[in-house]
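Trainee: Please work out how this folds:
(4 chains)
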Number of protein chains: 4
Amino acid sequence: MNTFGNKIKITVFGQSHAEAIGVTIDGLPSGVVVDTDKVQEFLDRRAPGKNAYSTNRKEADKVEYISGLVDGKTVGAPLTAVIYNKDQHSKDYSELRAKMRPSHADYPANIKFGDSYDVRGGGQFSGRLTAPICIAGAIIMQCLKEKGVYIGAHISSIGNIEDASFDNTSFDIDLLQSASKKDFPVLDDDKGEEMKSKILEAKANLDSVGGTIECMAVGVPVGVGEPMFDGLENVIAHAVFGIPAVKGIEFGLGFGSSLLFGSQNNDEYYYDDDKNIRTRTNNAGGICGGMATGMPISFKVAMKPTPSIAKAQNTVNLMTCENDVLEIKGRHDPCIVQRAVPCIEAAMAIALAQFVL
Amino acid sequence: MNTFGNKIKITVFGQSHAEAIGVTIDGLPSGVVVDTDKVQEFLDRRAPGKNAYSTNRKEADKVEYISGLVDGKTVGAPLTAVIYNKDQHSKDYSELRAKMRPSHADYPANIKFGDSYDVRGGGQFSGRLTAPICIAGAIIMQCLKEKGVYIGAHISSIGNIEDASFDNTSFDIDLLQSASKKDFPVLDDDKGEEMKSKILEAKANLDSVGGTIECMAVGVPVGVGEPMFDGLENVIAHAVFGIPAVKGIEFGLGFGSSLLFGSQNNDEYYYDDDKNIRTRTNNAGGICGGMATGMPISFKVAMKPTPSIAKAQNTVNLMTCENDVLEIKGRHDPCIVQRAVPCIEAAMAIALAQFVL
Amino acid sequence: MNTFGNKIKITVFGQSHAEAIGVTIDGLPSGVVVDTDKVQEFLDRRAPGKNAYSTNRKEADKVEYISGLVDGKTVGAPLTAVIYNKDQHSKDYSELRAKMRPSHADYPANIKFGDSYDVRGGGQFSGRLTAPICIAGAIIMQCLKEKGVYIGAHISSIGNIEDASFDNTSFDIDLLQSASKKDFPVLDDDKGEEMKSKILEAKANLDSVGGTIECMAVGVPVGVGEPMFDGLENVIAHAVFGIPAVKGIEFGLGFGSSLLFGSQNNDEYYYDDDKNIRTRTNNAGGICGGMATGMPISFKVAMKPTPSIAKAQNTVNLMTCENDVLEIKGRHDPCIVQRAVPCIEAAMAIALAQFVL
Amino acid sequence: MNTFGNKIKITVFGQSHAEAIGVTIDGLPSGVVVDTDKVQEFLDRRAPGKNAYSTNRKEADKVEYISGLVDGKTVGAPLTAVIYNKDQHSKDYSELRAKMRPSHADYPANIKFGDSYDVRGGGQFSGRLTAPICIAGAIIMQCLKEKGVYIGAHISSIGNIEDASFDNTSFDIDLLQSASKKDFPVLDDDKGEEMKSKILEAKANLDSVGGTIECMAVGVPVGVGEPMFDGLENVIAHAVFGIPAVKGIEFGLGFGSSLLFGSQNNDEYYYDDDKNIRTRTNNAGGICGGMATGMPISFKVAMKPTPSIAKAQNTVNLMTCENDVLEIKGRHDPCIVQRAVPCIEAAMAIALAQFVL
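Mentor: Next comes the predicted model:
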């Protein structure tokens, strides 16, 4: 369903071409000053059309608050924010009803919802629905900051081009959030240039390319998490798989840990100079037994390449019940990884809110 | 918390050295004949002490049913099954209260629960608590089978030794479940021998080693899954991270997808000879937009090496508030991957039950 | 929180003077034609200003659908409907921040939410928030009708004036819904006239008056309900107490049953002429052991008199920290029972939807 | 389902004649000393066979703790307590499969669960299942006490014989819990004697009789409750309807409020001598807008007469598909109201735990 969370409930609504898309956040503390400019700014980080690396569709995604915010402050009532969709031009979508786009939600959605499924622009499965998640995330991050919790993320790879990694034993907030100020959110700008070339290469080939995103949170108190089934990993993974195109998640060293011996993988504790308990390495990604160890919480997600590509593809035609060929028209993102960075931060915020707020 | 699921609720209870460990399953259909021998057999797949590759502790894990089962049939009431703990020998656990075992739950648990935390044998964080999950999984798998849903898994790698992979475009049930009959559940027995050597190597070095598990389900109907936040990936990942030592999960090609172009990663649809809609490849792992495509649902999990190793390790001592050295005594698994295979199947069953039963 | 339900989730948002109030309904079947005229009509039944018996404030409550409805049909995505608030005139609310209105939510809300609480027009505790519940209820009732489930309600009493009662052994739909077509929804119009006099008497005295509402559903299948904690009574009561001013609920004979002997209270089963199993009486209100017996499900709720009265009242002043006297200005309902009738039907619909849709 | 609560989860399991009945409580704070003697004592208050007013069946309900309690203290893991059923004598239950007992769960349970439904002793619908609720309630009440929250209850009426009422403006704990020490828990012992006569009269007539119970909690902090759908009334009602035979609930004056004018019903606030904010009356039962006002929280429940009576009753026979006559054999409670008093307290505790612990 479209609601996430117990303590802080996020309900996302809308379809790509509905009158509006939006989100209701319930359970926020009251009296929190929401910096709506910063929310808009955060949202703009996922906006398309900024450069050659994403689609040149323009989405004027202006956040409007219709409940729960009075004089810029939360009031204890659910906060609802919407983005009204401007261009609901009535294109001809009949081809999409017939020919199933490979690796899109179309086919299972057609079976699940029947022919009343809103096929326009991907309907409820459109990447556009990550905008409400970003709004919720941006607001919640402002609340988390009050509790000393900070979140950052960056593109970790595009295709086989890899960025530098976060140092997940560091508590440096500026470093953590350094990529977020950049148009192309990487740690190593040279690698960023290579990534852009890779994206342009895909674009030139009427193709798309995948990548990974690394996300980290600093300041989550030791012991946070409710194992066995509501540990940090369970809940973060649950939220993060709400972002379309995510196909994997690993905490700390993740799949890398599976290659190691215990003596290599274990994170030894020590008292630092200020008598804080730290670990020398953080292969656990700040989580043991589902609970925070006090070290930064880090994870990486795999994002598949955008399934919408201009190249001709084989598929089935539900109308003719025959195999067919599909050429997807329109403007598409050759890569959505860079736009997904704030979405992953937002999903992390929504997950952590359940424990920390 | 220790309850999972909405439609079929699983509540796990117990600690390693409590009077009992057990599970309550609520919401099962009534009138289902439970083959309790098969449940016991399934549970025995995770039992330790069978060979040199796991600990030689003996756990006589006999399942007893204390509610919900009459004459071998479910009755509509919650089914509760327990394993009474036999040897609650009162070892001296004072060292474990002081010295935090690296990469174990000890430290966050100590902070979270204080000194009343049950430290004996790992308490509620013991791998022993996967036994109730296996019981629930075994029962639920019998119900899923009635719906045409079958689950299988195998060790995918131990350290850097890799098993063959499932063909995730195949609907062959025997193949799917072939590894489950083996003492050492791999597809390629030669690779299995190499893995065993790797484990013995770790054991000889007073060390442990990690690995990966591949799991697959066949027969999940098209359209199953409740996006955006209760899609198949969200819910399966949520359940699977309930198994201790899991540090990552990827569906289908997962992180591999991030390296590809869309034209390589997309799964083209076609009508097979029986006019079933299939995909030629299944890089999506049977899930698009959080919903089943009708293809087998496949995922892989990363398991870290057992954190309990006999080698001396640096750590903190909470009593002296100084850095200290820890030597963990007792018998430990040099590798828990082979024992975790049924646990991952069980977690998958518990997740799918929410959608299919 | 402001979300109700598991299978069909209702999320209500807004405050009396927010930009909008609204509701998101998630989990509706797709492809359902929503008769939006009937939704508006249903909503208008709770509208104020229609006559002397309620406040003469005008609320132009026009429902607008911003997601989930395409060409008048549900699409499988969450349906969000809003009412934009027209007159957000900035009255001086400082007295309400200081002087707590007796038997209103003001005082606990002030303590809970602090001075950022939205005090304008009662904020999130305004009876106005029942409008979104009515929208959800009206839509859901259209879905329930498809399943053969019908709901009706009427004023059962105003003060000590009692209406006739539903025959809760009857399956007559027209009778069930006869009151709903009336401006003043009673079964016995003569009694209705007496009630109106009672209301006008209260109004003339700058006072208000309470009452009761009887509600009944026909067509709920035998066995529906999930005891022990999600039986029909648990869930219906849970929903109904979401309507402001409800202070009690009884199913079937309810408190009347407590006065009887078992032989008087028990509902004897019999086969009717069509071999349907029925009960001669229905003191159980169609529910035994939390499950539907197949007989009409009936309950009655107690509604307290509107707490807003024009008479001077003693109270505390949080600013001066002294006892004080309050005179509530503005237009108030001398009775909200007649306006609450559709709200109770809606709450019943929302509850039944969890079991029947 | 059989799980209640979000923060503190109660999962009840068992049937009347299962190997055991029991409860798992998850989310309890760790390190709480549980006085198990007091738990047993509390449970014994609902035990049958103590006197002529209840059944003379003996139930040796000894609580055993199988997880979550070490050295008498909670450890942060789920606490599971069970009562093993001693006498699972295999009576002939074939008549109960055929002839539906009026006003029992039999008929809907038969339809819902089919012939695998556990009919022995009422199965999962037996009043016996209130024992686990009492265990949970007793433990939780010990935790609530630490937070300054106290709960008490008494028989409010048996048939038309009424006990005195709680003064719901009083914070006197001794008074609140005075009835709980009595064998027959009333405030006015003379009225108690009349009630006993009424019960014996019913018994002599092979009949049963209903009654009401009043329950009150002192010390719930102002503002507690999560409206609109998780207010105190929603959640308390939800829990209380889990107790079999409850057919109605009213908070404060409840149905009495429906008879009054606002000026009569409103609870005026004042500062008492210690500058506490109080209300002169407490017709609201300590709840406004779903939130605690700081005054005692009071409610009354209606309990129907025990449906099991020895008198011959008409009913249907599902085997012959004909009308039939049923004579229920065995020992039955002529009244369960006195035994239900601790159950109602327990349900209140379970509900309040969601907000206060």
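Trainee: which residue packs closest to whatever residue of the stretch 151-300 of chain A ends up closest to chain D, ignoring adjacent ones?
Mentor: Here the stretch 151-300 of chain A gets closest to chain D at one residue, A:Glu226, 8.0 Å apart by Cβ to the nearest Cβ. Where you see a C-beta, it was placed from the backbone N, CA and C, and this is true even at glycine. Nearest residue to A:Glu226 in three dimensions, chain neighbours excluded: B:Met1, at 5.2 Å (Cβ to Cβ, 6 or more residues apart in numbering or on different chains).
Trainee: The one you found and A:Asn168: what is the separation?
Mentor: Noted for B:Met1: a distance of 27 Å to A:Asn168, by Cβ to Cβ, to the nearest Å.
Trainee: Looking at the two now, which is surrounded by more residues?
Mentor: The residue with more neighbours, out of B:Met1 and A:Asn168, is A:Asn168; 23 against 20, by other Cβ atoms under 10 Å in any protein chain shown.
Trainee: who's in contact with the residue nearest to A:Glu226?
Mentor: For B:Met1, the contacting residues are A:Glu226, A:Met228, A:Phe229, A:Asp230, D:Lys9, D:Asp26, D:Gly27, by Cβ atoms under 8 Å, 6 or more residues apart in numbering or on different chains.
Trainee: tally of neighbours for the second one?
Mentor: A:Met228 sits with 28 neighbouring residues when counted by other Cβ under 10 Å.
Trainee: so it sits in a helix?
Mentor: No: assigned with DSSP: H, G, I helix; E, B strand; the rest coil, A:Met228 falls outside any helix and is coil.
Trainee: Is A:Ala81 in a helix, a strand, or coil?
Mentor: Assignment for A:Ala81 (three-state DSSP): strand.
Trainee: if I look at it, how far off is D:Cys321?
Mentor: Plainly put, A:Ala81 is 59 Å away from D:Cys321 if you go by Cβ to Cβ.
Trainee: same question, A:Gln177
Mentor: With Cβ to Cβ as the criterion, A:Gln177 and D:Cys321 are 73 Å apart.
Trainee: Who has more neighbours out of those two?
Mentor: The residue with more neighbours, out of A:Gln177 and D:Cys321, is A:Gln177; 18 against 11, by other Cβ under 10 Å.
Trainee: For that one, give me its contacts.
Mentor: A:Tyr150, A:Gly152.
Trainee: For it, what are phi and psi?
Mentor: phi -110, psi 10 (degrees, to the nearest 10).
Trainee: Give me the pLDDT for it.
Mentor: In this prediction, A:Gln177 carries a pLDDT score of 96.
Trainee: in terms of contact, does A:Lys247 touch B:Gly248 like I think?
Mentor: No: in terms of Cβ atoms under 8 Å, A:Lys247 does not count as a neighbour of B:Gly248; the distance is 11.8 Å.
Trainee: So for those two, which residue has more residues nearby?
Mentor: Using other Cβ under 10 Å as the criterion, A:Lys247 and B:Gly248 rank with B:Gly248 on top: 32 against 27.
Trainee: Could you find the closest non-adjacent residue to the more buried one?
Mentor: A:Glu250 (3.1 Å).
Trainee: quick one: contacts of whichever strand or helix holds that neighbour?
Mentor: Using DSSP states H and E, A:Glu250 sits in strand A:246-251. With Cβ under 8 Å, 6+ apart as the test, strand A:246-251 has contacts from A:233, A:236-237, A:240-241, A:256, A:284-287, A:297-304, A:344, B:233, B:237, B:247-255, B:257-258, B:284-285, B:302.
Trainee: Ramachandran coordinates for the residue of chain A found nearest chain D?
Mentor: Closest contact between chain A and chain D, by Cβ to the nearest Cβ, is at A:Asn6 (5.7 Å). Main-chain dihedrals, A:Asn6, degrees, to the nearest 10: phi -110, psi -50.
Trainee: neighbours around it, how many?
Mentor: Neighbour count for A:Asn6, taken as other Cβ under 10 Å: 15.
Trainee: Could you do A:Asn323 as well?
Mentor: A:Asn323, neighbours per other Cβ under 10 Å, totals 14.
Trainee: Spell out the secondary structure type for A:Ser298.
Mentor: Classified using three-state DSSP, A:Ser298 is strand.
Trainee: list the contacts for it?
Mentor: Taking Cβ under 8 Å, 6+ apart, we find A:Ser298 in contact with A:Phe166, A:Asn168, A:Glu214, A:Cys215, A:Met216, A:Ala217, A:Phe251, A:Gly252, A:Asn282, A:Gly285, A:Gly286.
Trainee: And the pLDDT for it?
Mentor: 98.
Trainee: which is the next helix or strand following the lowest-mean-pLDDT helix or strand in chain A?
Mentor: Lowest on mean pLDDT, DSSP states H and E among the helices and strands of chain A sits helix A:94-98, with a mean of 88. Later in the chain than helix A:94-98, the nearest helix or strand by DSSP H and E is helix A:106-113.
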